[in-house]
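K.L.:
One predicted model, sequence on top.
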There are 2 protein chains.
Amino acid sequence: MRIALDAMGGDHAPGPIVAGAIRAAQADPELRIVLVGDQAQVEPLLSGASAVRDRLELFHCTQVVTMEESPVVALRKKPDNSISRCWQQLAERKVDAIVSAGHTGAMVAGGFRLKLFLKGVRRPGIATIMPTLQGESILLDIGANVNPKPEHLYQYGVMGNIFAKHILKHDRPKIGLLNIGSEEEKGHDLAKDTAALFKKSPLRDQFMGNVEGRDINKGICDVIVTDGFVGNVVLKMSEGVFEFVMKMTAKELMATLQNEKQLGQQALQNIIKRYDYHETGGAPLLGIDGICIICHGSSGERAIENALGMAARYARARLNERIVKELAAGPVAADKD
Amino acid sequence: MRIALDAMGGDHAPGPIVAGAIRAAQADPELRIVLVGDQAQVEPLLSGASAVRDRLELFHCTQVVTMEESPVVALRKKPDNSISRCWQQLAERKVDAIVSAGHTGAMVAGGFRLKLFLKGVRRPGIATIMPTLQGESILLDIGANVNPKPEHLYQYGVMGNIFAKHILKHDRPKIGLLNIGSEEEKGHDLAKDTAALFKKSPLRDQFMGNVEGRDINKGICDVIVTDGFVGNVVLKMSEGVFEFVMKMTAKELMATLQNEKQLGQQALQNIIKRYDYHETGGAPLLGIDGICIICHGSSGERAIENALGMAARYARARLNERIVKELAAGPVAADKD
């Protein structure tokens, strides 16, 4: 398995990115990782990795898309940027997967530009794994598509279902549509039309209708479908609330505990370590003909290692084959957009 | 000051609703509260309130909108329901404010039906107070208007600004537009067109552009403007994340602490008490000609007391006069919808 990793993408690149690649290569002997970036910066970081050095390749490129740039403009003006070079290798079938902690918009735009979509997919969407009281769920789209049609949301349900089944190992995933109330008549036209599509699809028995924001972390369903605007805001809100609650709790604990302040601090650190988004792996861009994993800009080496692991699991579970097959059996025609 | 309180609205009505009214009347000698509901159920609950009994009136009605009903249908089929009776008294100027923990959709629909809008207001919106690391902010709309136009969002900024200034006591509120990135070109047309409106309005110097989900609880701005769909999902998501984090933290604390488990539990209870939405007061429906406060369905007596207090503060700060004046000075014409 061969994965192109954007060595220059991320708030702290290339240090933790390359370190994560080394860890992933050490953990999985089948992995070959192509580090895409400035050779002069990347090569010195490999000095300590002699045991896996033969499975770490370098692909030199001279440019980087910065976080402040408009993705479309940057991709055009900087043809030798690391994100475009990753996509190019995927399009040429030189790698099975690409991973980046760089500019999310540029990663998505890179794939849209090449139209490297899976057969039958109208519009790819980014999925993220959410921790819940019942285990893990998947939420999508979280930002690839801010103006989706009902057909796109339905396809997110199909792809999310396959991901939840074969990666998260939910036997028969329950699919919910994020809305402002559980009753059928709630919400805007997009929600109503999407629900109608699910109800006449092969997923009808797994579709549980509307779910609300507060249901996500309860884990009452395994796949939560929403548009990229709402999904993105909701995901970032949950990061913000998490941070807020942990800070308030730390303050309160320190004011209340007497002799076990350190143990209390430890408990909070454990929680943060377990749920902090900096530590979790990447988010797959579902619907790409190939595998594309998008990481948080602040990803550290553990996050990069996890994201590379996610790419490998994705490939081994043959998700894309399954997606193509199930989309063909559904109510949405392939080529209408 | 005279407030009509929907005694029948809420998951546990009328018990905690009437108890909250008694507490509010005890706390504020200027308050007269009209309890709207079934006399046979409400009157016995007043037996212990002799000291304030003369300021608690009864307005008998026979029907209730239940949480499962479609609001529009229910308001039509049940003309003697407690929500409509509250609105009727407001329209007839018999009360200054109305408060309900009943069906949110029916409360909003009741006001829209009467078109009891403030001069210049195109569409009322529900505002909620959010706790932040810097104090309190206001988020609106959280569900009155799921298909807003840019003009509506701009007006939410005007109303939210006045609320943040005169109720939350922020000197010169900063106004942010909830979006999927801070850069100007981000998001959908609604966001872009709304930003353009703010920039040519008298609020231009207070408008700080786009803010992201994770910024809300940081308190980087005092007023967060969004559409009713996103606002509703975000608010409920934050409730869900709060609950999730507190449960996970309790589990971890109990596993880590040794002799001070009880103190740790106490610290968590303090946090829950401070931030739990069941305990906070109601959310004002801004833009109504009168005062309308909407409470969480699970409101207990403290929440009802707080909501009645909010109605009184709202009236005393003369928010509506200020809203009419500032809307007239802005770029949005009054009567285009």
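P.N.:
That came in fine, so what should we check first?
K.L.:
For the rest of this, base every contact and every neighbour count on C-alpha atoms.
P.N.:
OK.
K.L.:
residues making contact with the longest strand seen in chain A?
P.N.:
Ranked by residue count and defined by DSSP state E, the top strand of chain A is strand A:125-132. Strand A:125-132 has contacts (C-alpha atoms under 8 Å, 6 or more residues apart in numbering or on different chains) with A:136-145, A:156, A:160, A:216-219, A:228, A:275, A:282-287, B:244.
K.L.:
Let me know the average pLDDT across that strand.
P.N.:
Regarding strand A:125-132, the rounded mean pLDDT is 95.
K.L.:
now that strand, how far from the chain's geometric center?
P.N.:
Offset of strand A:125-132 from its chain centre (C-alpha atoms, centre = their mean, to the nearest Å): 7 Å.
K.L.:
Can you name the residues of the stretch 101-250 of chain A sitting close to chain B?
P.N.:
The stretch 101-250 of chain A comes close to chain B at residues A:132-133, A:143, A:146-147, A:178-180, A:183, A:185, A:187-188, A:212-218, A:229-230, A:232-242, A:244-245, A:248-249, as judged by C-alpha under 8 Å from any C-alpha of the partner chain.
K.L.:
Phi, psi for residue A:2 please.
P.N.:
Dihedral angles phi and psi of residue A:2 (degrees, to the nearest 10) take the values phi -120, psi 130.
K.L.:
Any figure for the gap between it and chain B?
P.N.:
With distances defined as C-alpha to the nearest C-alpha, to the nearest Å, the gap from residue A:2 to chain B amounts to 32 Å.
K.L.:
distance of that residue from residue A:242?
P.N.:
Taking C-alpha to C-alpha, to the nearest Å as the criterion, residue A:2 is separated from residue A:242 by 35 Å.
K.L.:
same check, this time on residue A:248
P.N.:
Going from residue A:248 to residue A:242 by C-alpha to C-alpha gives 10 Å.
K.L.:
so residue A:261 touches residue A:254, yeah?
P.N.:
Yes - with contacts counted by C-alpha atoms under 8 Å, residue A:261 reaches residue A:254, the gap being 6.0 Å.
K.L.:
Contact partners for residue A:282?
P.N.:
When contacts are counted by C-alpha under 8 Å, 6+ apart, residue A:282 touches A:99, A:128, A:293, A:294, A:295, A:296, A:303, A:304, A:306, A:307, A:310.
K.L.:
So which of the contacts of strand A:125-132 sit within helices?
P.N.:
In helices, defined here by DSSP state H, the members of those are A:156, A:160, A:228, A:275, B:244.
K.L.:
Can you pick out the most distant pair from those residues?
P.N.:
A:156 and B:244 (25.4 Å; C-alpha to C-alpha).
K.L.:
Okay, now stretch A:184-193: how far is its last residue from its first?
P.N.:
Using C-alpha to C-alpha, the end-to-end distance of stretch A:184-193 comes out at 11 Å.
K.L.:
Pull the distance from that stretch to the chain's centre.
P.N.:
Distance, centroid of stretch A:184-193 to centroid of chain: 26 Å (C-alpha atoms, centre = their mean).
K.L.:
More neighbours: residue A:248 and residue A:242, which one.
P.N.:
Using other C-alpha atoms under 10 Å in any protein chain shown as the criterion, residue A:248 and residue A:242 rank with residue A:242 on top: 23 against 16.
K.L.:
buried residues in the helix or strand harbouring residue A:109?
P.N.:
Secondary-structure element containing residue A:109, defined by DSSP states H and E: helix A:104-114. Buried residues in helix A:104-114, counting neighbours by 16 or more other C-alpha atoms under 10 Å in any protein chain shown, are found at A:104, A:105, A:106, A:107, A:108, A:109, A:110, A:111.
K.L.:
Make a markdown table out of those and add pLDDT and distance to residue A:199.
P.N.:
As requested, the buried residues of helix A:104-114 are exported to a markdown table (pLDDT from 0 to 100; distance: C-alpha to C-alpha, whole Å):
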| residue | pLDDT | distance to residue A:199 |
| --- | --- | --- |
| A:104 | 92 | 33 |
| A:105 | 92 | 32 |
| A:106 | 95 | 35 |
| A:107 | 96 | 33 |
| A:108 | 95 | 30 |
| A:109 | 95 | 32 |
| A:110 | 95 | 34 |
| A:111 | 93 | 30 |
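K.L.:
Return the member of these nearest to chain B.
P.N.:
Of all the buried residues of helix A:104-114, the one with the least separation from chain B (C-alpha to the nearest C-alpha) is residue A:105, at 9.7 Å.
K.L.:
so what's the residue nearest the centre of chain A bridging to?
P.N.:
What sits nearest the mean C-alpha location of chain A, by C-alpha atoms, centre = their mean, is residue A:283, with 0.8 Å. Beta-bridge partners for residue A:283, by DSSP bridges, are residue A:294.
K.L.:
That one contacts residue A:293, doesn't it?
P.N.:
Yes - under the criterion of C-alpha under 8 Å, residue A:283 lies in contact with residue A:293, with a separation of 5.4 Å.
K.L.:
And the strands in the stretch 201-337 of chain A, which stretches?
P.N.:
With strands called from DSSP state E, counting those that start in this stretch, the stretch 201-337 of chain A shows them at A:207-211, A:223-225, A:283-286, A:291-294.
K.L.:
what lines up beside the shortest one in the sheet?
P.N.:
For strand A:223-225, the pairing partners within the sheet under DSSP bridges are strand A:135-140 (parallel), strand A:175-178 (parallel).
K.L.:
Single out the most deeply packed of those.
P.N.:
When you average the neighbours per residue for each of the strands paired with strand A:223-225 (mean count of other C-alpha atoms under 10 Å in any protein chain shown), strand A:175-178 leads with a mean of 28.
K.L.:
which residues are in contact with that one?
P.N.:
Outside strand A:175-178, the residues that reach it (C-alpha under 8 Å, 6+ apart) are A:157, A:161, A:191, A:195, A:206-213, A:221-226, B:233.
K.L.:
Check stretch A:240-259 too.
P.N.:
A:261, A:264-265, A:268, A:272, B:132-133, B:213-218, B:238, B:241-242, B:245, B:260, B:263-264, B:266-268, B:270-271.
K.L.:
Next up, the contacts around residue A:209.
P.N.:
Neighbours of residue A:209 in contact, by C-alpha under 8 Å, 6+ apart: A:175, A:176, A:177, A:182, A:184, A:195.
K.L.:
Repeat the analysis, applying 6 Å as the threshold.
P.N.:
Going by C-alpha atoms under 6 Å, 6 or more residues apart in numbering or on different chains, residue A:209 touches A:176, A:177.
K.L.:
Distance of it relative to chain B?
P.N.:
According to C-alpha to the nearest C-alpha, residue A:209 and chain B sit 15 Å apart.
K.L.:
Repeat that for residue A:20.
P.N.:
As defined by C-alpha to the nearest C-alpha, residue A:20 lies at a distance of 26 Å from chain B.
K.L.:
tell me the contacts of the closest residue to that residue other than its chain neighbours?
P.N.:
With C-alpha to C-alpha, 6 or more residues apart in numbering or on different chains as the criterion, residue A:20 has its nearest non-adjacent residue at 4.0 Å, and that residue is residue A:301. Residues counted as contacts of residue A:301 (C-alpha under 6 Å, 6+ apart) are A:16, A:17, A:19, A:20.
K.L.:
Between those, which sits nearest residue A:51?
P.N.:
Comparing these against residue A:51 with C-alpha to C-alpha places residue A:19 closest, at 13.6 Å.
K.L.:
By proximity to chain B, which residue of the stretch 1-150 of chain A wins?
P.N.:
Taking C-alpha to the nearest C-alpha, chain B has its nearest neighbour within the stretch 1-150 of chain A at residue A:146, 6.3 Å off.
K.L.:
Would you list the phi and psi of that residue?
P.N.:
Here the main-chain torsion angles of residue A:146 (degrees, to the nearest 10) amount to phi -90, psi -10.
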